[in-house]
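Trainee: need the 3D shape of this:
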Amino acid sequence: MSTSSHRRSITALLAATLFSFGVCAAGAAEDAVVIPPPAIDEVAGPGTETAIFAGGCFWGVQGVFQHVKGVESAVSGYAGGNAKTAQYETVSTGSTGHAESVQVKFDPKQVSYGKLLQIFFSVAHNPTQLNFQGPDQGTQYRSALFVSDPQQRKVALSYISQLDKAHVFPQPIVTKVSDAAGFYPAEAYHQDFLTLNPTYPYIVYNDLPKIENLKSLFPADYRSQPVLVKAKG
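Mentor: Next up is the predicted model:
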């Protein structure tokens, strides 16, 4: 079974369960983890900064960052492979080197890269899971950071070390840090998927709790109206 078929099968199963027993009966998505902010963060420069985050299915990761103040855009796409294989069905084979990713453009004077990392590790995904998140399995669902410059790399590596030394997670962080070498936006139907499909069982079960956790744990950074790809044309 392909990974995309696996996701559809999981969604169908959840749909049946939710219909029969209600949302809570199907279990709950993973809890967020309260973690300290990074001890080392970047110095805010002028203009907009870009960072790429991979943490499982891009629907939920995009949805989280779209609700963060200071984020100007969050686009679902593919990173880690080449342009020829940057299509959903091909990436879903797990053989392309791509990871489902979200390219975030943000104002560092409003939200720092370190703060985005804190949100990423705390509520957007589980950084201790190797090549899977929730029901989705394969290298395309790996935890990864694709950094834009040496400053981002320094902050990311320092923060991972800090969190591991503090044992804030029961297992070591497996997030890989690599230089950004290309980002390819995903198909239009993947963009803003969480916002446009709030009753889709996969979203209800796996991703809407992430938005609630963001609101609860990071109230000063949460905004109720997401910045959407389609709103920007």
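Trainee: and the most centrally placed residue in the chain, what's its pLDDT?
Mentor: The centroid of the chain falls nearest to V61 when counting by CA atoms, centre = their mean (2.7 Å). V61 carries a pLDDT score of 98 in this model.
Trainee: cool, E30 as well?
Mentor: Looking at E30, the pLDDT reads 65.
Trainee: point out where the chain drops to low pLDDT.
Mentor: Across the chain, the ranges flagged by pLDDT under 70 are 1-30, 232-233.
Trainee: which residues in it form helices?
Mentor: 3-21, 58-66, 88-91, 113-119, 150-166, 193-196, 201-202, 208-217 (DSSP state H).
Trainee: L130 is nearest to which of these?
Mentor: helix 150-166 (14.2 Å; CB to CB). Just so you know, the C-beta spots here come from the backbone N, C-alpha and C atoms, and that holds for glycine as well.
Trainee: how far away from the center of its chain is that closest one?
Mentor: Relative to its chain's centre, helix 150-166 lies at 18 Å (CA atoms, centre = their mean, to the nearest Å).
Trainee: helices and strands around it, which ones?
Mentor: Applying 3 or more CB pairs under 8 Å, 6 or more residues apart in numbering; DSSP states H and E, we find helix 150-166 packed against helix 113-119, strand 143-147, strand 176-179.
Trainee: could you pull out the buried residues of that helix?
Mentor: Neighbour counts over helix 150-166 (16 or more other CB atoms under 10 Å) mark 151-152, 155-156, 158-160, 162-163 as buried.
Trainee: got TSV for those, with distance to G138 too?
Mentor: Below are these laid out as TSV (distance: CB to CB, whole Å):
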residue	distance to G138
Q151	31
Q152	26
V155	28
A156	23
S158	29
Y159	26
I160	22
Q162	29
L163	25
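Trainee: out of these, which one sits closest to K105?
Mentor: Of those, the one sitting nearest to K105 (CB to CB) turns out to be Q152, at 13.3 Å.
Trainee: wait, what's in contact with the closest one?
Mentor: 42, 51, 113, 145 (CB atoms under 8 Å, 6 or more residues apart in numbering).
Trainee: same question for F193.
Mentor: 59, 62-63, 76, 200, 203.
Trainee: S216 too?
Mentor: With contact set as CB under 8 Å, 6+ apart, S216 has these partners: A32.
Trainee: quick one: it from K210, how far?
Mentor: For S216, the distance to K210 equals 11 Å [CB to CB, to the nearest Å].
Trainee: intersection of neighbour lists for these two?
Mentor: Listed as contacting both S216 and K210 by CB under 8 Å, 6+ apart are A32.
Trainee: export the contacts of Q152 to CSV and tack on distance to S122 and neighbour count?
Mentor: Below are the contacts of Q152 laid out as CSV (distance: CB to CB, whole Å; neighbours: other CB atoms under 10 Å):
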residue, distance to S122, neighbour count
E42, 18, 17
A51, 16, 25
Y113, 15, 26
L145, 15, 27
